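# Provided below for reference: sequence and predicted model.
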Amino acid sequence: MTYFLRTFDQDDSPFLALPIFPNRSFRHSALFVNVDSGIEKPQDLAGKTVGEFALWGHDPGVWMKGVLAEEYGVTPDRMRWVIGGTNHPIPAFDWIPQPVPDGIEIRRTEGDQTLSAMLEAGEIDALLSVDVPQPLIDGSTKKIRRLFVDYESVERDYYRRTGIFPMMHIVAIRRDLAQVPGLAQSVYRAFNQAKDIVQERFRAGAAKQHMAVITPWFSELFAANRALLGEDWWPYGLDANRKAVDTFLRYHHEQGLSKRLLTSEDVFVPGPAGTV
């Protein structure tokens, strides 16, 4: 989403979006802390040094900075930021604009540094990352934990209160192709049909306790998700996603990543494919 939205600061932004969201994830689980940092609740992040994966404002970063500011009163300028790779060193991206607003203290990792190793060593206090620190996955560290230990409960409560299921990715189409009669609508319908096939497969699988899924107790999870998120738990279309999209657009602007506050009408293909 953020890579796409940054193109709108160009004079000739090349793309428009279709309301198709192939990747979503609740992002409270993307916040990690060093156990010796003294961070027990979100407000404790104030005055701390926080790593962020890849760049100032990757998608989980945009979502959680917005949530931290809006729900916990901790704005990004109250933290120091270190940008780099989580489990592997990565160079600075040179293919997208990387604006940083005034008042934000940022530095990059150096050499072979990784944010995961820095977090484990206490060189940074917290980490906001799409990638889970490898030592946490391996179970090889006692120094790293999630800020929201019971993140599933926190994320489910967030959805109940807001109705937002955060999206990470979006499908875009070239502006010139968006003018071809029926093309955007055909792409939108095709993605919807593909999603419907997958969702129906999961619904039908419930009758046999999802034996085709190699995850035990999956049926209980599926039933709980279905009860909370509804029959179309991964909706496409702007009407079903407008609040989430507009929230992300607002966060993007508030964090200095868009020069102006974009609207859904600015970024989506007009007409049926953008409004269904």
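Great, that's in hand. Numbering: from 1, shown residues only.
# And the residue nearest the centre of this structure?
The residue lying closest to the centre of the chain (Cα atoms, centre = their mean) is residue 60, at 3.5 Å.
# Is it correct that residue 106 falls within a strand?
Yes. Counting by DSSP: H, G, I helix; E, B strand; the rest coil, residue 106 falls inside a strand.
# who does it bridge with?
residue 81 (DSSP bridges).
# and it, how far is that from residue 70?
21 Å (Cβ to Cβ, to the nearest Å). Just so you know, the C-beta spots here come from the backbone N, C-alpha and C atoms, and that holds for glycine as well.
# just residue 230 next, same as before
According to Cβ to Cβ, residue 230 and residue 70 sit 24 Å apart.
# can you check residue 8 too?
As judged by Cβ to Cβ, residue 8 and residue 70 stand 23 Å apart.
# So residue 230 and residue 70 - more neighbours on which side?
residue 70 (15 against 10; other Cβ atoms under 10 Å).
# In a strand, that one, correct?
No. The assignment for residue 70 by three-state DSSP gives helix, which leaves it out of any strand.
# got the domain boundaries for the protein?
For the chain, automatic domain parsing gives the domain ranges 2-23+167-275, 28-162.
# I'd like those domains laid out as CSV, including mean pLDDT.
Shown next, in CSV, are the domains of the chain (pLDDT from 0 to 100):
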stretch, mean pLDDT
domain 2-23+167-275, 95
domain 28-162, 97
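# Pick the most deeply packed of those domains.
domain 28-162 (a mean of 17; mean count of other Cβ atoms under 10 Å).
# Run the chain-centre distance for that one.
Taking the mean of its C-alpha atoms, domain 28-162 sits 12 Å from the chain's own mean (Cα atoms, centre = their mean, to the nearest Å).
# and that domain, how far apart are its ends?
14 Å (Cα to Cα, to the nearest Å).
# what do you get for stretch 203-212?
Using Cα to Cα, the end-to-end distance of stretch 203-212 comes out at 12 Å.
# Quick check: phi and psi at the residue nearest to the centre of the chain.
With angles defined as degrees, to the nearest 10, residue 60 sits at phi -60, psi -30.
# Spit out the contact partners of residue 177.
183, 184 (Cβ atoms under 8 Å, 6 or more residues apart in numbering).
# my bad, should have said residue 229
Going by Cβ under 8 Å, 6+ apart, residue 229 touches 159, 165.
# Distance check, it against residue 206.
15 Å.
# Equivalent analysis for residue 187, please.
Counting by Cβ to Cβ - residue 187 and residue 206 are separated by 30 Å.
# Quick one: residues in contact with the strand or helix carrying residue 239.
Using DSSP states H and E, residue 239 maps to helix 238-254. Contacts to helix 238-254, defined as Cβ under 8 Å, 6+ apart, come from residues 1-2, 5, 19, 21, 57, 62-63, 65-66, 69, 162-167, 232, 235, 258, 260-264, 267-268, 274-276.
# Kindly list the longest helix within the chain.
For the chain, the helix that runs over the most residues, judged by DSSP state H, is helix 183-205.
# Identify the residues contacting that one?
Contacting residues not belonging to helix 183-205 are listed as 18-20, 22, 171, 173, 177-178, 210-213, 222, 232-234, 236, 269, 271-274, 276 [Cβ under 8 Å, 6+ apart].
# quick one: contacts for the closest residue to residue 172 other than its chain neighbours?
Using Cβ to Cβ, 6 or more residues apart in numbering and skipping the chain neighbours, the partner closest in space to residue 172 is residue 15 (4.0 Å). Counting by Cβ under 8 Å, 6+ apart, residue 15 makes contact with 4, 7, 172, 173, 174, 175.
# In strands, which of those fall?
Using DSSP state E, the subset of the contacts of residue 15 located in strands is 172, 173, 174.
# quick one on the thing from earlier: so how far is the helix holding residue 239 from its chain's centroid?
Relative to its chain's centre, helix 238-254 lies at 12 Å (Cα atoms, centre = their mean).
# And the contacts of the helix or strand just after that helix?
For helix 238-254, the following helix or strand on the C-terminal side (DSSP H and E) is helix 264-267. With contact meaning Cβ under 8 Å, 6+ apart, helix 264-267 is reached by 4, 5, 8, 16, 17, 238, 242, 245, 246, 249, 274.
# Check which helix or strand the residue lying closest to residue 7 once chain neighbours are set aside maps to.
Nearest residue to residue 7, sequence neighbours excluded (Cβ to Cβ, 6+ apart): residue 13, at 4.5 Å. Assigned by DSSP H and E, residue 13 falls within no helix or strand.
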